[in-house]
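Visitor: Here is a sequence together with a model predicted from it:
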Amino acid sequence: MNLLKKNYFFILLISLMTLLWTLKNIFFVHETELAPNRLLIFCSSLGFSILVASFLLFRFKWIGYSLAVILYTSTSFLFYADIVYNRYYHAILRIELLSQAKQLHKIKDSIYSLIYHSDIWYLMDIPIIILLMFFFLKKWPIKNGKIAGVSLFSVGAGIIFAISYFSLQFTYSDQYKVSLTGVIPAHVYDLSWNIYKRTYIKQTFLQENNLASIRKEFTEKQEIQKSSPYFGKFKGKNIIMVQTEALNAFPINLKVDGQEVTPNLNKLIQTSHYYPNTYLQIGRGNTSDAEFVANNSLYPMGYVGAYKGFPKNDYLSFANVLNDLGYSTSATHGNSPEFWNRLEAYKKQGYSKFYSKGDPEIVADEIIGLGISDRSIFRQMAQIYKKENKPFFNFIISLSSHRPFVLPEKYQLLPLPEKMKNTSTGNYLESIHYFDDSLGYFIDQLKAEGIWDDTILVVYGDHYGPLPIDEKQIKDFLNVDFNEKTRFNIPLVIHHPGEEKGVLNEGVGSQMDIYPTLTALLGIKEPLVQLGTSLDADYHQIVGFAFETTRYSFYSDDYDYIAAHQGVFELGTCIDNHTKKPTDVQKCKKGYDSIFNDMQTSTFLLENNWIGKIFENGPVLANGRN
């Protein structure tokens, strides 16, 4: 202790680091709109500061100084990466995400759009602390500080580990963990929990005595499809699915200065089935998880996305099922085939052909943002369909409306009022309008090539476009309440061959229900693994969320449930959708139990590669027998 008394500047340095780190964590927590636990955040910041400062007492002082600088700087940048990541995913980074670092350059413009000028406050402490540590070594040299250094390191690490393990639980949301203890203990806890889970916890959810009930659930859900009035009416028809980048539902039928934002989608809806209350169910794979959900009707469990975490599993995906029915199947994406591991993942998804940038049949003649422009992709695919073996299934991922929503000037076709030009909202609407124009061109091409009348066309959004930070601007410009439910709301349009009069289905649905809705149209009776159900069937859907908001939250026609960050059902809020007011939380218990069970099922099936084994002995009938 005498050592520290003689070196009061050392104590001052630790105090300043603690103060700055505490403030940064509190600012971050306020971004999440939660209340910070200032005491625990201060204690964890103190532990981190002591740990960093301990290196300054290293026997070889410049090595210790270098280690202290590296630790403080790298942790600060990890902290800032968490902040940027949270603005889009409402979570903090995981160690599993390191495998995706090589893809960052492809989405750099999207990342830049999440960086704000005010963020300088999160980083300005770095040069200050580095200079003070340098000044300390030059003016207050420590001699024989080895024992003090080891002791301080142990104290700092002990504080962080104690706060991590005694304050946090695995049921807590990422944001809640940060609000309680700060970023560092949240990462320490998640990393240790992940190691513990992989090493010691054995998955027991689907023992043999539970398997029959799971098989029965899938069989009964497939029976629900048969209540659809369209069951089997379009057997053998071509299918084109267009997953639209960042397409929210609110631009549909929206006018800006009298100009429709989506005139072609509006026109398509007038002669199609439209499901306006459809919601996303994406995971950390974002766009790739949206397509996984739409084509597999399972939750995308895991923190790296289904295509990254489980690319080699066996799936009963839509393409795999259609392959067995004699369809030619393909996927189309205007970026490189390796992007988000699609080249590897699509093999097990069942696509016989993958059209992408670099494919000999696809010409990269026009690039907008992430890849080949929507108009170019649509034009080329319409020509490919002419020579495709019939019937065919083609899944298209559009790209031109990807964040940051900046189009070449010649494609800024939507007349905007002056106040909306070069704003995030104006740019977003421009991008959606461009997609809509390309879609109208695509439909005209399908009609000209004689493909339209024999084809089911599906158009839906993959995830939200604007972010919570845009909420006020969207309200001011468009008078749209861009709350969480609006943000998660995506459009779904399904055009039946020969359909001339539109049908509006206002029931709640999700991306998980797209695959069952289509297999019902085709009248497929073979055993399927689908957690969703046909949107045309007489059945009340529940839309559960594993990611994007607090896990186990859900929307339904009657009740919405907002799960608590602590992961305890009783602490959540149940909203009566008829009165729009909170009600007895137990009214949401049935829905909660349903989605909890479905997420457990998805987790087991993906982590243990069991999808192909569910019906090995044939379907389970309603009485539980094979």
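Guide: That came through fine.
Visitor: Low-confidence ranges, this protein, go.
Guide: Low-confidence segments of the chain (pLDDT under 70): 1-6, 59, 95-108, 139-146, 197-210, 617-626.
Visitor: Got the domain ranges for it?
Guide: 2-200, 228-538 (automatic domain parsing).
Visitor: now those in CSV, with mean neighbour count and distance to Gly544?
Guide: Any C-beta I mention is one placed from the backbone N, CA and C, and that applies to glycine too. Formatted as CSV, those follow (neighbours: other C-beta atoms under 10 Å; distance: least, C-beta to C-beta, whole Å):
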stretch, mean neighbour count, distance to Gly544
domain 2-200, 17, 15
domain 228-538, 20, 7
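Visitor: between these, which one is nearest to His565?
Guide: domain 2-200 (3.4 Å; C-beta to C-beta).
Visitor: Would you tell me which helix is longest in the protein?
Guide: helix 61-89 (DSSP state H).
Visitor: Can you name the residues that contact Tyr464?
Guide: When contacts are counted by C-beta atoms under 8 Å, 6 or more residues apart in numbering, Tyr464 touches Ala246, Asn248, Leu280, Arg487, Phe488, Ile490.
Visitor: Wait, Tyr428 touches Pro466, no?
Guide: Yes - if you go by C-beta atoms under 8 Å, Tyr428 and Pro466 touch, sitting 5.7 Å apart.
Visitor: follow-up on the earlier one: quick check: which helices or strands does the longest helix of the chain pack against?
Guide: Helix 61-89 is packed against helix 8-31, helix 38-54, helix 120-123, helix 125-139, helix 174-181, helix 183-200, with contacts defined by 3 or more C-beta pairs under 8 Å, 6 or more residues apart in numbering; DSSP states H and E.
Visitor: Ok, which of the ones you listed comes nearest Glu616?
Guide: helix 183-200 (27.0 Å).
Visitor: quick one: contacts of that closest one?
Guide: 25, 28, 44, 47-48, 75, 78-79, 82, 92-96, 160-161, 163-165, 167-168, 170, 174, 177-178.
Visitor: before we move on, what about stretch 353-368?
Guide: By C-beta under 8 Å, 6+ apart, stretch 353-368 touches 328-337, 342-343, 346, 371-377, 380-381, 384, 399-400, 407-408, 411.
Visitor: from those, which ones fall inside helices?
Guide: Arg342, Leu343, Tyr346, Asp374, Arg375, Ser376, Ile377, Gln380, Met381, Ile384.
Visitor: want to try JSON lines for those, with distance to Gln473 as columns?
Guide: As requested, the ones in helices among the contacts of stretch 353-368 are arranged in JSON lines below (distance: C-beta to C-beta, whole Å):
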{"residue": "Arg342", "distance to Gln473": "34"}
{"residue": "Leu343", "distance to Gln473": "38"}
{"residue": "Tyr346", "distance to Gln473": "38"}
{"residue": "Asp374", "distance to Gln473": "25"}
{"residue": "Arg375", "distance to Gln473": "28"}
{"residue": "Ser376", "distance to Gln473": "31"}
{"residue": "Ile377", "distance to Gln473": "30"}
{"residue": "Gln380", "distance to Gln473": "36"}
{"residue": "Met381", "distance to Gln473": "35"}
{"residue": "Ile384", "distance to Gln473": "40"}
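Visitor: Can you tell me which of those residues is closest to Tyr230?
Guide: After measuring the ones in helices among the contacts of stretch 353-368 against Tyr230 - C-beta to C-beta - the closest member comes out as Met381, at 25.6 Å.
Visitor: Name the nearest residue to that closest one, sequence neighbours excluded.
Guide: Thr332 (5.8 Å; C-beta to C-beta, 6 or more residues apart in numbering).
Visitor: Relative to Ser356, how far out is that neighbour?
Guide: Thr332 is 7 Å from Ser356, where distance means C-beta to C-beta, to the nearest Å.
Visitor: again with Pro582
Guide: Taking C-beta to C-beta, one finds Pro582 at 48 Å from Ser356.
Visitor: Repeat that for Arg487.
Guide: On the measure of C-beta to C-beta, Arg487 and Ser356 end up 29 Å apart.
Visitor: ditto for Phe77
Guide: For Phe77, the distance to Ser356 equals 33 Å [C-beta to C-beta].
Visitor: Same check on Phe58?
Guide: According to C-beta to C-beta, Phe58 and Ser356 sit 52 Å apart.
Visitor: go on, Ser15?
Guide: Taking C-beta to C-beta, one finds Ser15 at 55 Å from Ser356.
Visitor: Would you mind giving the secondary structure of the closest residue in space to Gly369 that isn't next to it in sequence?
Guide: Ranked by C-beta to C-beta, 6+ apart and with sequence neighbours excluded, the top spatial neighbour of Gly369 is His402, at 5.1 Å. Secondary structure, DSSP: H, G, I helix; E, B strand; the rest coil: His402 is coil.
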